[in-house]
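Peer 1: build me a model from this:
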Amino acid sequence: MLFYKKLITLRQKQKLMDFDIIAPSPQIAEYVSHYWHFSTHTCHHNVQEVMPTDFFLPSGCVYIIFNRQHHTIYSQDDDNYFPRAFVFGQKTFPTAYRIFDEIDVMCVVLQTFAAGLLFKIPIIELFNRAVDINDIDDTEMKEMAQRVCYAPDIKASIFAFENFVERRLAVADFYHIPRLSSAIRSIYMNPAIRMRDVSDIACLSERQLLRIFDSTIGLSPKQFERIAKLKRMFYILNNNREQSLVRMAIQAGYYDQAHMNHEFMKMTSFSPNTFFNNLDNHEQLYVEYLKTSINIGKRLILGEKEYKK
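Peer 2: Got it, this is the predicted structure:
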C-alpha cells in the first residue's frame, strides 16, 4: 500500500505553480528525506516572463529529479535544459535555474548517506554535476526512471521510486553506515570540530573517513563541514532573526563575520545581509526549500526525539 502524506502545500502568486513537500513511506524514511512535487496548471504562454530565477543550494543531500512532462527546467549556468531524469550530486555552489512552459516535476531528496546505498558508482563522481540517468551504467535505475516519468500521477511515480529503493536496500552494504552516521552527527553538533576528532568518533583513520565520505556521501568531510555550517546558520536565523550577524557567525562555527560572509557568498551567491534582508521577498518555492533545509539540520542537531517535540 502506498503511503502518501503531504507535509506542505503552496500556491505561488498568480496561481502559476503548485508546490508540495511529500513525506516518504515510513519504511524508507531513513534513506529518503522527502519529495518535492511542483507543477504549473496554466495556459499562460509566457511562464518564463513571470516565474523568477531560483537556485539549488548546497544542502549535503543528493537529489534525483524527474521531469514528468518534458524538458522544462533550464540551467542558467550551463545555458541548456536539464535532462528528463537526472541526478544532482553534492554541491558546493548554487545552481541557477528557470522554468519554461508548463511543468510537472518530482524531486527526491535523499538522506545524506543514502546515495551510496542506491547507486552503483562512487558518489564523488556526481560531485557538482547534474548527470543524466541515461548516462549511468545501471539498467535497473534507467527502467525506474522511465516508470517514474511516465506514471499517470505523482502517487504512482512515488510508488515506482519506492519500489526501486526497497529492492536496492535489500542488497545494499550497510557496513560503514553506523560509523558514517556518527561522523555526520558529530559535524552537525560541533561545527568547529577537527577532522581528526571526527575520524576518532567514527573509529576510522582520517584517510578511511575521506574515502568513505567520497564514495558514500559524495564530497570530503571538510566540504561537508562547510555545508553543515551554512545549514546551522539558517537554523539559527530561523530561531532568532534579531541577532547580529557577528553573533550568528560565531554560533554557526565560523571564525568571524568576514569568514561567514566569504563562505555564504560562495555557496548562495548572496551576501548574508542581502539574503536575510530580502528573505520575505523571495518566491515561496525558494523559501520553503530553505525551510526544509533548516529542518534537516535541526533534526540532526537536536536528535530525532527532541525534533519531534
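
Peer 1: how far off centre is whichever strand or helix holds Phe275?
Peer 2: Assigning secondary structure by DSSP states H and E places Phe275 in helix 272-277. Helix 272-277 has its C-alpha centroid displaced from the chain centroid by 21 Å (Cα atoms, centre = their mean, to the nearest Å).

Peer 1: repeat for stretch 207-218
Peer 2: How far stretch 207-218 lies from its chain's middle: 19 Å, per Cα atoms, centre = their mean.

Peer 1: start and end of it, how far apart?
Peer 2: 15 Å (Cα to Cα, to the nearest Å).

Peer 1: which residues does it contact?
Peer 2: Contact with stretch 207-218 is made by 60, 62, 89-90, 112-113, 115-117, 122-124, 126-127, 176-177, 179-180, 183-184, 195, 198-199, 202, 204, 219-221, 224, as judged by Cβ atoms under 8 Å, 6 or more residues apart in numbering. For every residue, glycine as well, the C-beta is placed using N, CA and C.

Peer 1: low-confidence ranges in the stretch 151-300 of the chain?
Peer 2: Within the stretch 151-300 of the chain, the segments meeting pLDDT under 70 span 238, 278-300.

Peer 1: helices along that one, start to end?
Peer 2: Taking DSSP state H, counting those that start in this stretch as the test, the helices found in the stretch 151-300 of the chain are 154-170, 177-189, 195-201, 206-212, 221-239, 245-252, 257-268, 272-277, 284-302.

Peer 1: any idea which of the ones you listed is most buried?
Peer 2: Across those, the average number of neighbours (mean count of other Cβ atoms under 10 Å) peaks for helix 221-239, which reaches a mean of 21.

Peer 1: helices or strands up against it?
Peer 2: Helices and strands touching helix 221-239, as assessed by 3 or more Cβ pairs under 8 Å, 6 or more residues apart in numbering; DSSP states H and E, comprise helix 177-189, helix 195-201, helix 245-252, helix 257-268, helix 284-302.

Peer 1: please name the residues that touch the closest residue to Asn273 other than its chain neighbours.
Peer 2: Spatially, and ignoring its direct neighbours in sequence, Asn273 is nearest to Leu245 (7.1 Å; Cβ to Cβ, 6 or more residues apart in numbering). With contact set as Cβ under 8 Å, 6+ apart, Leu245 has these partners: 257, 260, 272-273, 276.

Peer 1: now Asp137
Peer 2: Contacts of Asp137 (Cβ under 8 Å, 6+ apart): 120-121.

Peer 1: just say helix, strand or coil for it.
Peer 2: coil (DSSP: H, G, I helix; E, B strand; the rest coil).

Peer 1: quick check: the gap between it and Pro178.
Peer 2: As defined by Cβ to Cβ, to the nearest Å, Asp137 lies at a distance of 29 Å from Pro178.

Peer 1: circling back: closest one to Thr95 among the helices of the stretch 151-300 of the chain?
Peer 2: helix 257-268 (11.2 Å; Cβ to Cβ).

Peer 1: C-alpha coordinates for that closest one, CSV please?
Peer 2: Output of helix 257-268 as CSV, limited to C-alpha atoms (Å, rounded to 0.1, in the frame of the first residue of the first chain):
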residue,chain,number,x,y,z
GLN,A,257,31.8,37.6,10.2
ALA,A,258,34.3,38.0,7.4
HIS,A,259,34.8,34.2,7.2
MET,A,260,31.0,33.8,7.2
ASN,A,261,30.5,36.4,4.5
HIS,A,262,33.0,34.7,2.2
GLU,A,263,31.6,31.3,2.7
PHE,A,264,28.0,32.5,2.4
MET,A,265,28.6,34.3,-0.8
LYS,A,266,30.4,31.3,-2.4
MET,A,267,27.5,28.9,-1.5
THR,A,268,24.4,31.1,-2.1
